[in-house]
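**Q** Provided below for reference: sequence and predicted model.
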Amino acid sequence: MKVLKFGGTSVGSAERMKAAADLINNHEEKIVVLSAMSGTTNALVEICSALDKNKTDQAVEIINSLEEKYSEVINQLFSKKEFKEKGRKLISDHFDFIRSFSKEDFSIAEDLSGKKILAQGELISTELFHLYLTEQKTDAVLLPALNFMRIDTNSEPDNYYIKENLARELQSYPDKKIFITQGYICKNLYGEIDNLKRGGSDYTASLIGAAINSEEVQIWTDISGFHNNDPRYVENTYPVSRLSFDEAAELAYFGAKILHPSSVMPTKIANIPVRLKNTMKPEDEGTLITDKPTGDGIKAVAAKDGITAVKIKSGRMLLAYGFLTKVFQVFEHYETPIDMITTSEVAVSVTIDDSSRLRKITEELKKFGEVEVNKNMTIVCLVGHDIMKQKGYIDKIFEALNNFSIRMISYGGSRHNISILIPTEERKAVLQALHEKLFK
């Protein structure tokens, strides 16, 4: 059995839903994981924000606008009057539920009402898709993710629970081959509706793949796999046909938006191939991710924006054991992960991508020395197999970066990654310079 995940753009219109239905309509056994239709989750976040600020009229206006959009989808998706009416009823029920939160006290901080609202995107997309398959006489089962997807008290997937309960669900339909379920949404340990955070549908697909020991996990988006550079800023990029799990994880974490960073690990542990495909161009090869690295040297470049660099300089650091432990404990206390680290005898520099607790962190760090903060930075990540063994690449990299400002370099922490910190304003030019030097 395969697992196929379709992202928001891949089910973002009636036309795209029909195309996705054509792609799954074969004799293979599969679980199909759907995201919310593109733009829906952002609108639901805006609704929650407006309700949280007691801007009820604004929230209702967004709700009505989103419902109108779905009404147009209904008209375009279904051809028979019976199914158009069922679609309108489906949409009406969900939006009446969302609208009900405008009539009561609402606080994102104090309860899980916001997560109930956010869950509606995936619930709507899967119900509409399943209804369309029914109209097309495609035999499929709508499998509620809330029946088997669960996170623990640390907001981590409860893998044993997922495996046992998904198996029980599938056993209820021994003669069925196509199952439709929601990405992103789950329940927490207390049975409340929760989620795997933004981009979590990829994570859902890989967790399901691991739970059923899937033949393959396919991620269908609007781009033909990982490109060797960011096509938004660089011309003439091309898809990378093969990557290892380690290479894909580095690219996903450091800015390649096609794959959620957390989604690599479950498939890597279970050794299940992941294939990235394009719903707009299904004939394209895409990218196949396996445990076997192919080819040496740098294969791709990615960039991660929104980075803040924090430097702690102190004469007390010289030959002092325990200094770094105290510094890192500050970031641990404020639950802020660190991306890059560089050290000297009197200073340590780190980068973070979550600056929500930056003020408190810097106040704590001032106890240890002088603190310097640089915002609006970008990490450029160069990824390949055993880069450190390859001769000549470092010369090419530094030659390409000769005229740019480099704030930090991380080399040697991973065999698959060289990371460089630059000002975000230089991101496009840096990516283009690296492309010219490394891939032409």
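**A** Received it, and whenever you're ready, just let me know what you need.

**Q** pretty sure Y70 contacts L90?
**A** No. The criterion here is C-beta atoms under 8 Å, and Y70 misses it with L90 at 9.1 Å. Heads up, the C-betas are built off the backbone N, CA and C, glycines and all.

**Q** Flag every buried residue along the lengthiest helix in the chain.
**A** Longest helix of the chain, by residue count under DSSP state H: helix 56-77. For helix 56-77, a neighbour-count test (16 or more other C-beta atoms under 10 Å) marks Q58, A59, V60, I62, I63, L66, E67, Y70, V73, I74, L77 as buried.

**Q** Can you redo these as JSON lines, where the extra columns are pLDDT?
**A** Output for these, formatted as JSON lines (pLDDT from 0 to 100):
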{"residue": "Q58", "pLDDT": "96"}
{"residue": "A59", "pLDDT": "95"}
{"residue": "V60", "pLDDT": "95"}
{"residue": "I62", "pLDDT": "97"}
{"residue": "I63", "pLDDT": "97"}
{"residue": "L66", "pLDDT": "97"}
{"residue": "E67", "pLDDT": "97"}
{"residue": "Y70", "pLDDT": "97"}
{"residue": "V73", "pLDDT": "97"}
{"residue": "I74", "pLDDT": "97"}
{"residue": "L77", "pLDDT": "97"}
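
**Q** and which of those is nearest T378?
**A** Lowest distance from T378 to the buried residues of helix 56-77 (C-beta to C-beta) belongs to I62, with 32.1 Å.

**Q** show me the contacts for the closest one.
**A** A43, E46, I47, A50 (C-beta atoms under 8 Å, 6 or more residues apart in numbering).

**Q** how close does it get to I98?
**A** The gap separating I62 from I98 is 10 Å, by C-beta to C-beta, to the nearest Å.

**Q** quick revisit: can you add distance to G12 and give the buried residues of helix 56-77 back as CSV?
**A** Converted to CSV, the buried residues of helix 56-77 look like this (distance: C-beta to C-beta, whole Å):
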residue, distance to G12
Q58, 24
A59, 23
V60, 24
I62, 18
I63, 19
L66, 13
E67, 17
Y70, 12
V73, 9
I74, 15
L77, 12
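
**Q** can you tell me which two in the contacts of I62 are farthest apart?
**A** With C-beta to C-beta as the measure, no two of those lie farther apart than A43 and A50, at 10.6 Å.

**Q** Which of these two has more residues huddled nearby?
**A** A50 (20 against 17; other C-beta atoms under 10 Å).

**Q** which stretches of the chain aren't confidently modelled?
**A** Within the chain, the ranges that satisfy pLDDT under 70 run 109-111, 255-257, 316-320, 388, 390.

**Q** Helices of that one, start to end?
**A** In the chain, the helices defined using DSSP H lie at 14-24, 40-52, 56-77, 81-100, 113-118, 120-135, 159-171, 200-211, 245-253, 264-270, 323-333, 358-365, 393-400, 427-438.

**Q** quick check, nearest of the contacts of I62 to G315?
**A** For those, the nearest to G315 is E46 (49.6 Å; C-beta to C-beta).

**Q** Kindly tell me how buried that closest one is, as a neighbour count.
**A** The burial count for E46: 15, using other C-beta under 10 Å.

**Q** same thing with S405?
**A** S405: 11 surrounding residues under other C-beta under 10 Å.

**Q** Kindly report the same for N374.
**A** 16.

**Q** bridging residues for it?
**A** A309 (DSSP bridges).

**Q** got the contact list for Q432?
**A** Y233, V234.

**Q** picking that back up, and which of the contacts of I62 is nearest I406?
**A** Closest approach between the contacts of I62 and I406, by C-beta to C-beta: E46, at 38.4 Å.

**Q** gap between the closest one and L66?
**A** E46 is 9 Å from L66, by C-beta to C-beta.

**Q** re the thing from before, select, out of the helices of the chain, the one closest to D194.
**A** Taking C-beta to C-beta, helix 113-118 is the member of these nearest to D194, at 5.6 Å.

**Q** And the closest one, what does it pack against?
**A** Helices and strands touching helix 113-118, by 3 or more C-beta pairs under 8 Å, 6 or more residues apart in numbering; DSSP states H and E, are helix 40-52, strand 193-195.

**Q** Now find how far off-centre that helix is within its chain.
**A** Relative to its chain's centre, helix 113-118 lies at 19 Å (C-alpha atoms, centre = their mean, to the nearest Å).

**Q** And the protein, split by domain according to the record?
**A** Listed domain ranges for the chain are 2-222, 299-438 (source: automatic domain parsing).

**Q** And those domains: which comes nearest I289?
**A** Short answer: domain 2-222, nearest of the domains of the chain by C-beta to C-beta, at 9.0 Å.
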